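Chemist: starting from these lines, generate the structure:
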Amino acid sequence: MLCPGCEHENIAGEDLCSNCGLDLAGLDVGSWGVDPNDPMLSRTLDRIVLKEPLTVSPGTTVAEAIALMKARHEGCVFVTDEAGRLAGLLTERHVVVNVVAPRKDPAETTVGDVMSRDPVTLERSDPLAWALHRMGVDGMRHVAVMEGTRLVGFLSLRTVLDVLRGSPAGSIDP
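Modeler: Residues are numbered from 1 along each chain as shown. Predicted coordinates for the structure are as follows:
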């Protein structure tokens, strides 16, 4: 099985890429119909319609963040400081590992207590191939896209796959 993140050839049925650690469970790269030489991979993120990020402050309770994620059907919120700078990321996994498992009260626990600080980011000028590589190597399903210090959107693994499959959900600006 060819890893979509780093193009390393893995043994069929492997759950994780032996090179970059990308989760391969349930993926059949051959069924994507994606050519690794597809020029789409060289397109920059400024050509892709990014998802609008949900943002909260570090003092937001985890319960409030979960309600926001549920209402918008998203798996993460981006955390911004008072000046609007990206400070962190809270995902469903953070909630499970850092709130549910240790039995913390989500109504009392703040996002700032359990978020990933200083998350990896991409620039609008980065090519899609680089975004996919970073997401695979760093094990991310959601990544902030910046223009300088300004959060302008985010890229999800699903969006990347939609773009590569030519799905209407993965819109490319002309």
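Chemist: please enumerate the strands of the protein.
Modeler: With DSSP state E, the ranges of strands along the chain come out as 55-56, 76-80, 86-91, 116-117, 121-123, 142-147, 150-156.
Chemist: need these in TSV with distance to Leu68 and mean neighbour count, can you?
Modeler: The way it works is simple: take the backbone N, C-alpha and C, and place the C-beta from them, glycine included. Shown next, in TSV, are the strands of the chain (distance: least, CB to CB, whole Å; neighbours: other CB atoms under 10 Å):
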stretch	distance to Leu68	mean neighbour count
strand 55-56	7	18
strand 76-80	6	23
strand 86-91	10	22
strand 116-117	17	14
strand 121-123	21	18
strand 142-147	14	20
strand 150-156	14	18
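Chemist: can you redo the ones you listed as CSV with distance to Val62 and mean pLDDT?
Modeler: As requested, the strands of the chain are arranged in CSV below (distance: least, CB to CB, whole Å; pLDDT from 0 to 100):
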stretch, distance to Val62, mean pLDDT
strand 55-56, 10, 98
strand 76-80, 10, 96
strand 86-91, 7, 96
strand 116-117, 14, 94
strand 121-123, 23, 95
strand 142-147, 17, 94
strand 150-156, 19, 93
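Chemist: would a markdown table of those with distance to Asn19 be doable?
Modeler: Shown next, in a markdown table, are the strands of the chain (distance: least, CB to CB, whole Å):
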| stretch | distance to Asn19 |
| --- | --- |
| strand 55-56 | 34 |
| strand 76-80 | 25 |
| strand 86-91 | 24 |
| strand 116-117 | 23 |
| strand 121-123 | 21 |
| strand 142-147 | 19 |
| strand 150-156 | 21 |
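Chemist: would you map out the domains in this structure?
Modeler: 1-33, 36-165 (automatic domain parsing).
Chemist: ranking those by mean pLDDT, which is last?
Modeler: Of all the domains of the chain, the minimum mean pLDDT falls on domain 1-33 (a mean of 65).
Chemist: excluding chain neighbours, what is closest to the most centrally placed residue in the chain?
Modeler: Centroid-nearest residue in the chain, with CA atoms, centre = their mean: His142, separated by 1.0 Å. In space, His142 comes closest to Cys76 once its chain neighbours are excluded; the distance is 4.5 Å by CB to CB, 6 or more residues apart in numbering.
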